[in-house]
Every structure is written in structure tokens, then in C-alpha cells.
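Student: Provided below for reference: sequence and predicted model.
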Amino acid sequence: MVARKTKNKMKPFVFVCSVLMFLFSFVFQQSVFADEGWDINSFDASAMFEEATGKMQVTEKIAVDFASLEKHGIYRDIPYVYEEDNGAKTYTTVDVIEVLQDGKDAEIDLSKNEGNIRIRIGDPDKTISGNHTYEISYDVLGVLRSFADHDELYWNVTGEQWGVHILKTSFSLTLPKSGIQKVSCFQGVGGSTDACLAEISSEKTAVFNATRSLGAYEGMTVVVGFQKGLLPIVTVARPKTVIEKLLEWPSQTTFLIILVSGILTVFTLWFRYGRDSWFKNVPNISIGAKTETKPIGSVETVVVEFEPPERLRPAEIGVLMDERAHTHDVVATIIDLASRGFLSITEIPKKWLFGSIDYTLTRKTKSEDELLLYEKTLLSELFGSAKEVSVSSLKQTFYQELQKVKTQLYEDVVKKGLFPSNPEKVRQKYLLIAIIGVVLGVTLTIVSVSNEIILLADLSLAFTICAILLAFLSPFMSKRTALGRDMYRRSRGYLLFISGAEKYRQQFFEKKNMFNEVLPYTIVFGLTEKFITAMKDIGLSEKSMSPSWYYGTSVFHASTFTQSMNSFSSSLSSAIASAPKSSGFSSGGSSGGGFGGGGGGSW
């Protein structure tokens, strides 16, 4: 009794759910099959086979009425890949032969999408309305199937992907020889068994007609059985993927030729424009001297120099050594200006246990006529109208002025003839060219691979690799002039002197204040600690080493001064190069079976 009551209560619930599901299905179907505002008046197709190849030649005449709508034309999707219920795939080939619009050659665009060949017909710059006729001719191969007692064409004439009504549909098939045995025709949505007219008009010809207009997403499918062996049953192999095509020998050869040519071009570019010019067998050329530039050919001979070549300033030698203006080159300039009497440095002790040492820079009254432009700018930007400035106050405020000083430093070495042009801009130029090349190459590679344009894929992929190589070489594309190369050689000689200072104690004893003159250059070379230690070891008095421009918190000692210089250099470098952090807001978060089919639409 209890079970029976439960069953009776469930019947109304099941009925209501069934009604709701039916209504939902009806509404959903109406929304999916919504009318697009235009019709296909007739879809008349015909096909015939080539006896020798088994290729089927198809012609479709599609008469449409766009009414008052403004359209460019129609598109037709023709499948070339078919998937069985078990997941197995069958492949065919589709070759578009001719497309006409109103009896004239039409403008078309061919593309592939999800196993279909899409033929887009029409002028993208022109719209049309009213009645128009399209004629599409194409060849298909691999659409025949063989059975025990017959061979068969199972062909979806229209496809079920047209979102409009097809008022009249017909299809005719002609074989090269007599042999048609049986025919069938189906119309409606995919899976429908609603029969349409099928007639064998002769042993070579069969004709088919829909018995009604086809609604949106309905189609017509035909089946023709004919004598075995009448036509070759061709199986089309799975198309090679783009990767497989790229790995084939002809494609590999093309790719390698283009790649090697591109790599040679990049290295030729560096060999010609990125290497230093040299003077051949002309030692110690002075700045401003008239000399003849000759190709590279001599072996550089580096000898010890006891003074900076041609009185080049520390920052200038810093740029010469690695072709870059670093922050420590600017720090060396500040110490150089201090040693030359333009400012002094005072050490400010820690204010509490975990605090840090600060420094005060004090500007001295001295004529600046002897200063270079970047040195004048550095003094001006450091102090402004003030006489004193603390290093800590430069944090997050001086970074833009630092770039200005570096830019003027580059201009200075170019003006002196050490570089043909600003080396930083040269590196940036080649890096920008490389980035544009990579973006262009990747874009072309994606386009060519997606459209299976193998030659373009080979070209663009090789081009991309060469652009990446250029990006890696861009830091080496700046170059010194022949004069700059000679000054670089002599600067290396000065580096030998500083790094081996203990060998040349006589020079330090003979020249007063030589320690303070050399000190800024040790910062550029990264030899400050080694140099001060060497000065102590050779017996140079602390009095002669004690700088008049540096005021520490204790009596001068060589060992503590090394720490002071390292601390000052580190603090100053960090302060003048630091930039304010960006805010998170500004940094930017039955019918339908067989072959054929597809569908189309308007655009």
C-alpha cells in the first residue's frame, strides 16, 4: 500500500516535468532555428565521376534572396574530415575549381575551420541585396565506400548547417558507365528518416528531389548503390600536420638555407658595424691628432701607463672600458670632483643602534671653467641653489638627473671622437629592430602554420631565430672609433699600473698627492680596496694618503678609509639610482549521414 501511494503521487510530478521539458525544448528549438531574414530559393546540385581516378566532380547552383538585407554574399562549408560514431576519422580531399556569382567569376576567400573548407564568396567592400545566384564547382576524392555486394555513394547534398529555409532542393548523379542498382533519399534534420524522391532515370543516372521546403538546419542526403568495381575506391590518408610538413626534407633544406643565410647576415652586420676600428702600427695617438684609420690587422700591445691617457676623466675611461655609463662611473666622478677641490664629503655617524651612516656633500667655491659639461651638470643637479646636500635626501629624487648626466657623458665621449655615436642608442636601436623582427616573425609563423603555407613558415621561423640572435648581439653592436680603441688600449695600461701599484712605489713617492688623483679611477676599475692596501704595504705615509676633502668620524687610517670609501660608494650609488615605486593602480588584471554536408550562411 505504501509503495502504491508513492507511485500515485509521482505521476503528476512526472507529467509536469515532461510538459516543462517539452515547452523548454520547443522554445529552445525556436530560438536556435530563428529565421535570418533571407532564403535559399533553390539548391540544385549535380555530380559525375571520373572513371580512372574515382574523383567526383560536384557543381552546386544556389539561388538566394537577401530581400532588403545588405549582405556581402554567402559562404559554403564543405567537410573534408568525417568522424564515425566510434571516433575513427575518414579523410577526403576537396579542391575548389570555380566559383561564379550571377554568372561571373566571384571574389572568394578560402580557409579551413574544424574539418571544413570554407568558401567565402563576395566583395568585402561591397554590399548587395535581393536575388543572386552562386555556382560552386569542386572535386572530392575518397567519398566512395565498398560493401560485399555493391559499392556506394552516401552523400549529404546540402548539409544541415544552413540557418535559413531552402525552398527547393535537387541532386543528380551521373556515372561513367551503367551500373546503378538502388537509390535512397532522406530529408530533415540530422538523423531523420523522412523519405524524399529518388529515381533511377537510367543505368548511369539517378535524380533526387526534396518533397518539401527544408527548414533552417535541415538538409537532404542521398544514397546510391552501384555495381562493384565500376569505380576505384580510393582511401585518402590522413593529411600531414604542419609540423610533419615542416620536418620533411625539402622543407628542412629550405629552412636551413634561410637560417644559415640569416645568421651569416647578422654576424656580417656585427663584423662590419659592431667591431672597433683600429689604428695599425700607430702607437699613442693623442686626442685631436689627424691620423689615418686602417682596418683591423695589428695585435694590440698593452704597456703600463703611469697617468690616465690624454688626461681622460674617470667616467670617460669607465665608458671606454665596457662602452657603458654606469652609476659607479658617476660616483667616481663625484669623488674625482672632491679630490679636485669642488666639494667635500662629511661622514654623519649613526643616530641609533640600527641606523645607517649618512654623508653630507658640501659644495666649494671654485671656478668651474675647467669642468666638462657632464661634470657641471652633475654639480648643478646635486646641489641646485643649496650649499649642502645629504646623500639620503637623494633617494628616489635624483634618478632622472642621473640619466641626464649619463646622457651627457655619452655625448662627451662622442665629441672627443672615442665613439662614432652614442653607444647606448646604438644598442637600443638594434634591440628595437630585433624585437620588431621577433614580433613580425612570430606573427608570420602563426599565420603561415595556421594556413599551412609551408614556405612562409620556413621563412618566418628562420627569420624569428635570426631576430632573436640579433637581440642577443645587440649589446655588442656599439663600437669604439680607432682613436677610442687606442685610448682603450692605453687605459688598460693605466689599469696595469693601478692593479700592480706595489711594483711602482717610486712613482708614488716622487709625485705628491698621487694617491688622491688615482683614487677615483680605482672605483671605475673596481680596485679601491686592493689599491689602498697596496699603498699601505709600500710604506706610503697616512699623512700623504689622508684626503683633505673627506671628513670621517675618526682619525684617518688606511684600513678604515677603505671601508669608508666602500660604504660611501655603495650608499651614493643606491641613493642616486633609486626610483620611487609604482602604485598598483598605475602598473596596470538518417539525414546528415555519409560524406558531403557542411552548410553555409551569409556575411
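Tutor: Right, received. Where do you want to start? Numbering: from 1, shown residues only.
Student: which secondary element of the chain has the worst mean pLDDT?
Tutor: Using mean pLDDT, DSSP states H and E, helix 2-32 stands out as the lowest-scoring helix or strand of the chain, at a mean of 44.
Student: could you point out which element follows that one?
Tutor: Sequence-wise, the next helix or strand downstream of helix 2-32 (DSSP states H and E) is strand 39-49.
Student: any idea of the mean pLDDT for that next one?
Tutor: Average pLDDT, strand 39-49: 95.
Student: Then stretch 175-191?
Tutor: Across stretch 175-191, pLDDT averages out at 92.
Student: Show me which positions of that stretch end up buried.
Tutor: With burial defined by 16 or more other C-beta atoms under 10 Å, the residues of stretch 175-191 counted as buried are 175, 179, 180, 181, 183, 184, 185, 186, 187, 188, 189, 190. The way it works is simple: take the backbone N, C-alpha and C, and place the C-beta from them, glycine included.
Student: Residue 47 is in contact with the first one, correct?
Tutor: Translated: residue 175. No - contact between residue 175 and residue 47 fails when scored by C-beta atoms under 8 Å: they sit 9.8 Å apart.
Student: Now the terminal residues of stretch 345-363, how far apart.
Tutor: The straight-line separation of the ends of stretch 345-363 (C-alpha to C-alpha, to the nearest Å) is 9 Å.
Student: go on, stretch 103-123?
Tutor: Stretch 103-123: ends 15 Å apart by C-alpha to C-alpha.
Student: Show me which residues of it are buried.
Tutor: Neighbour-count burial for stretch 103-123, counted by 16+ other C-beta under 10 Å, picks out 106, 108, 116, 117, 118, 119, 120, 121, 122.
Student: got it, and stretch 261-281?
Tutor: Taking 16+ other C-beta under 10 Å as the basis for neighbour counts, the residues of stretch 261-281 that come out buried are 262, 266, 270, 274, 276, 277, 278, 279.
Student: likewise stretch 508-522?
Tutor: Burial within stretch 508-522, assessed by neighbour count using 16+ other C-beta under 10 Å, is assigned to 508, 514, 515, 516, 518, 519, 520, 521, 522.
Student: The last one - that's part of a helix, no?
Tutor: Just to be clear, that refers to residue 522. Yes - Residue 522 sits within a helix when classified using DSSP: H, G, I helix; E, B strand; the rest coil.
Student: Mind putting the buried residues of stretch 508-522 into a markdown table with pLDDT and distance to residue 53?
Tutor: Below are the buried residues of stretch 508-522 laid out as a markdown table (pLDDT from 0 to 100; distance: C-beta to C-beta, whole Å):
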| residue | pLDDT | distance to residue 53 |
| --- | --- | --- |
| 508 | 71 | 96 |
| 514 | 82 | 95 |
| 515 | 82 | 95 |
| 516 | 84 | 94 |
| 518 | 90 | 89 |
| 519 | 89 | 89 |
| 520 | 92 | 86 |
| 521 | 93 | 84 |
| 522 | 91 | 85 |
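Student: Relative to residue 377, which of those residues is nearest.
Tutor: residue 520 (17.6 Å; C-beta to C-beta).
Student: so what's that closest one up against?
Tutor: Remark: with contacts taken as C-beta atoms under 8 Å, 6 or more residues apart in numbering, residue 520 is in contact with 314, 332, 333, 335, 336, 339.
Student: Does the most centrally placed residue in the chain lie in a helix or a strand, and which?
Tutor: Central residue check for the chain by C-alpha atoms, centre = their mean: the C-alpha nearest the mean position is that of residue 439, 3.7 Å away. Using DSSP H and E, residue 439 maps to helix 423-450.
Student: how about the residue nearest to residue 136 when sequence neighbours are not counted, secondary structure?
Tutor: Distances taken as C-beta to C-beta, 6 or more residues apart in numbering place residue 60 nearest to residue 136, at 4.7 Å, with adjacent residues excluded. Each residue gets one of three states, and residue 60 gets strand by three-state DSSP.
Student: and the strand or helix carrying residue 379, what other elements does it pack with?
Tutor: When elements are defined using DSSP H and E, residue 379 is found to belong to helix 373-383. Counting by 3 or more C-beta pairs under 8 Å, 6 or more residues apart in numbering; DSSP states H and E, the packing neighbours recorded for helix 373-383 are helix 327-339, strand 358-363, helix 399-415.
Student: would you turn these into TSV with distance to residue 377, mean pLDDT and mean neighbour count?
Tutor: Formatted as TSV, the helices and strands packed on helix 373-383 follow (distance: least, C-beta to C-beta, whole Å; pLDDT from 0 to 100; neighbours: other C-beta atoms under 10 Å):
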stretch	distance to residue 377	mean pLDDT	mean neighbour count
helix 327-339	11	92	23
strand 358-363	14	92	18
helix 399-415	6	93	18
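Student: To residue 542, which of those lies closest?
Tutor: Taking the helices and strands packed on helix 373-383 one by one with C-beta to C-beta, helix 327-339 is closest: 16.7 Å.
Student: quick one: the residue nearest to residue 136 from residue 526, how far?
Tutor: Distance, residue 60 to residue 526, using C-beta to C-beta, to the nearest Å: 79 Å.
Student: more crowded one of the two?
Tutor: Neighbours around residue 60 and residue 526, counted as other C-beta atoms under 10 Å, are more numerous at residue 60. The numbers are 21 against 10.
Student: could you list every residue that touches the more buried one?
Tutor: Contacts of residue 60 were listed using C-beta under 8 Å, 6+ apart, and they are 43, 44, 45, 76, 134, 135, 136, 137.
Student: Alright, that wraps it up for me.
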